[in-house]
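>>> need the 3D shape of this:
(chains A and B)
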Amino acid sequence: MTDTASHQPVRVRFCPSPTGTPHVGLIRTALFNWAFARHHGGTLVFRIEDTDTSRDSEESYTALLDALRWLGIDWDEGPEAGGDYGPYRQSERRAIYDDVVKRLLDAGELYEAFSTGDEVKARREAAGQDPQLGYDNYDRDLTEEQKERFRAEGRAPVLRLRMPAGELAWHDLVRGEISFDAATIPDPVMVRGNGDPLYPLTNPVDDALMGITHVLRGEDLLPSTPRQLALYAALRRVSVTDFTPEFGHLPYVMGEGNKKLSKRDPQSNLFLHRERGFIREGLLNYLALLGWSIAPDRDVFSVDELVAAFEIGDVSANPARFDVKKAEAINATHVRALDVTDFTERVVPYLIEAGVLPERPDEDRLATLRAIAPLVQERVTVLSEAALLVRFLFVDEESFEVEEAAAAKTFKGDAGDVLRASLDALGALEVWESDAIEQALKTALVDDLGLKPRKAFGPVRVAITGRTVSPPLYESMELLGREKSISRLSRALNEFEA
RNA sequence: GCUCCCAUCGUCCAGCGGCCUAGGACUCCGCCCUUUCAAGGCGGCGACGCGGGUUCGAAUCCCGUUGGGAGUACCA
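Below you'll find the predicted structure:
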């Protein structure tokens, strides 16, 4: 009989309960499980723990699938993938739990407990103990007569697991030796009074039945590991399984302050990051950095590199703070590394969303976009920022507007002279392309007017793009075209003089 | 309260007894490049919580302490 999982083919699982929108901490857990499985050529099982009908929803189930697919975290067994250990949604496994419960109950591993919370509390207090110690194992050795009496009162018993005496210890994959004194852990409830199996039962039972070899999960589950170990021992005694998996507890993902990143915090929402224009490569890279590193002097890497290098033993035990700034920096380098065509395709939806492009952009607009794309690519950290940079190229002349702050900052002092001189110089231009535009403007503004480049080009930029920050000026003007460029410069001049 | 986990720059990570007058990244600040903004280059600020041990030698091992966090449900 195999005692631990170390020599078996790796089978790990990701088993969220479908509540709310996907949280970055949850996805980090999925990522580590996935990387671990792929690194070892193992299997990733995706299981849905939807046993809490009051909180679970089909929307968040769909969202989970969406999130994993977007990031490319694929699973080998689970919903929509099938597998030999299904069903993979706990809501469809009730008969299985009922059977296991019966076996555990018959073997005396589980017992009926009739005590109410108030009764337990009263007993603790009467004994001079702190009620916060929890259940007192009072019902462990009830006689049949006592049980009958309770039933006659109309009480429906919960089923509790008989915890062993002594020490419950394991070698945690990320933390090393951990041990609990079993005496400090009250017999946990496994089945509700109404017969519904609870998470503390279903989770290990499914892990056992699905042959999970390594349980990699959040640190918040660490205190429940002892009772889990005890359940596993019981499951082995009733031959539901013949080995206990190894455990590894991943550190928390923290938010601002010293708290676990809350589901309420927008930063925790994976989809918000996607909407802002994080690309999967960047977000995946950053998420992997939360508790792990690929090398002492490098933190930008690809998914393939992650898989090749990932070792669970290298995961840090410290909580990690989710730092948007760093995430953006990592994302930006992945954005820049994209092939321009790829970048262009990915940015289109964001431009449509921002109203910069119509639902179905025509070929003209796409050509313009392709031309400006390389200049935008190195200027954004997230894709949604591109809208601000290219809007001036796509907006109708009637709706084109100069940003107020930009105008206030730039249209002053010599601005009128600059705009006039620019119009004169550009009007005389024979070919409308960036080199010629550059020459004409430099001659007119820097040489003839004797202005510093900074002073000289500011008003032109703002007049043309409406902003102080834009793609390179001459290329922008070339793409905008002579007619619109001239008209915007005139318009700016008129407004300046008015 | 009880149990458990964690402890290196502001943040994340490296360090697993000597290579450490502690390294990288993000942030911040300079400088260079430059038509703006970026990118890129160069440089700077900046940490081993504290106290005991162990050892020839400790950021690294042990104990304590302090601080932080989590769990303590008929939620998952």
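>>> so which residues of the stretch 201-350 of chain A form strands?
Secondary structure of the stretch 201-350 of chain A by DSSP state E, counting those that start in this stretch: the strands cover A:214-218, A:246-250, A:253-254, A:320-321.
>>> closest one to residue A:370 among these?
strand A:253-254 (38.2 Å; Cβ to Cβ). In this view, the C-beta of every residue, glycine as well, is placed from N, C-alpha and C.
>>> does RNA strand B sit close to the closest one?
Yes: contact of strand A:253-254 with RNA strand B (Cβ under 7 Å from any atom of the strand) involves residue A:254.
>>> repeat for stretch A:177-187
Yes: using Cβ under 7 Å from any atom of the strand, stretch A:177-187 reaches RNA strand B at A:178-181, A:184.
>>> do the same with stretch A:433-441
Yes: applying Cβ under 7 Å from any atom of the strand, one finds stretch A:433-441 in contact with RNA strand B at residue A:438.
>>> give me every residue that touches residue A:408.
Residue A:408 makes contact with no residue, according to Cβ atoms under 8 Å, 6 or more residues apart in numbering.
>>> make it 10 Å
A:402, A:462 (Cβ atoms under 10 Å, 6 or more residues apart in numbering).
>>> separation between residue A:421 and residue A:477?
15 Å (Cβ to Cβ, to the nearest Å).
>>> quickly find the element holding the residue nearest to residue A:445 when sequence neighbours are not counted.
Distance criterion Cβ to Cβ, 6 or more residues apart in numbering; nearest residue to residue A:445, sequence neighbours excluded, is residue A:456 at 3.8 Å. Using DSSP states H and E, residue A:456 sits within helix A:453-465.
>>> which helices and strands does that helix pack with?
helix A:386-394, helix A:404-410, helix A:415-427, helix A:434-441, helix A:473-480, helix A:482-497 (3 or more Cβ pairs under 10 Å, 6 or more residues apart in numbering; DSSP states H and E).
>>> distance of the residue of chain A found nearest RNA strand B from residue A:281?
The nearest approach of chain A to RNA strand B comes at residue A:293, 2.5 Å away (Cβ to the nearest atom of the strand). Noted for residue A:293: a distance of 17 Å to residue A:281, by Cβ to Cβ.
>>> please apply the same query to residue A:21.
Taken as Cβ to Cβ, the span from residue A:21 to residue A:281 is 21 Å.
>>> what's the answer for residue A:185, then?
43 Å.
>>> can I get the strands of the stretch 201-350 of chain A in TSV with mean pLDDT and mean neighbour count?
Listed next are these as TSV, based on pLDDT from 0 to 100; neighbours: other Cβ atoms under 10 Å:
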stretch	mean pLDDT	mean neighbour count
strand A:214-218	96	22
strand A:246-250	96	23
strand A:253-254	89	22
strand A:320-321	92	17
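>>> residue A:79 is nearest to which of these?
strand A:214-218 (19.1 Å).
>>> which residue sits farthest out from the middle of chain A?
Each residue of chain A has a distance to the centre, and by Cα atoms, centre = their mean the biggest one is for residue A:448: 55.6 Å.
>>> for the residue lying closest to that one once chain neighbours are set aside, report the pLDDT, please.
Counting by Cβ to Cβ, 6+ apart, residue A:448 lies nearest to residue A:421, which is 6.9 Å off, once chain neighbours are set aside. Note for residue A:421: predicted pLDDT of 91.
>>> ok, now residue A:7?
63.
>>> again, but for residue A:372
95.
>>> rewinding a little: who has more neighbours out of residue A:421 and residue A:477?
residue A:477 (27 against 21; other Cβ atoms under 10 Å).
>>> understood, closing this out.
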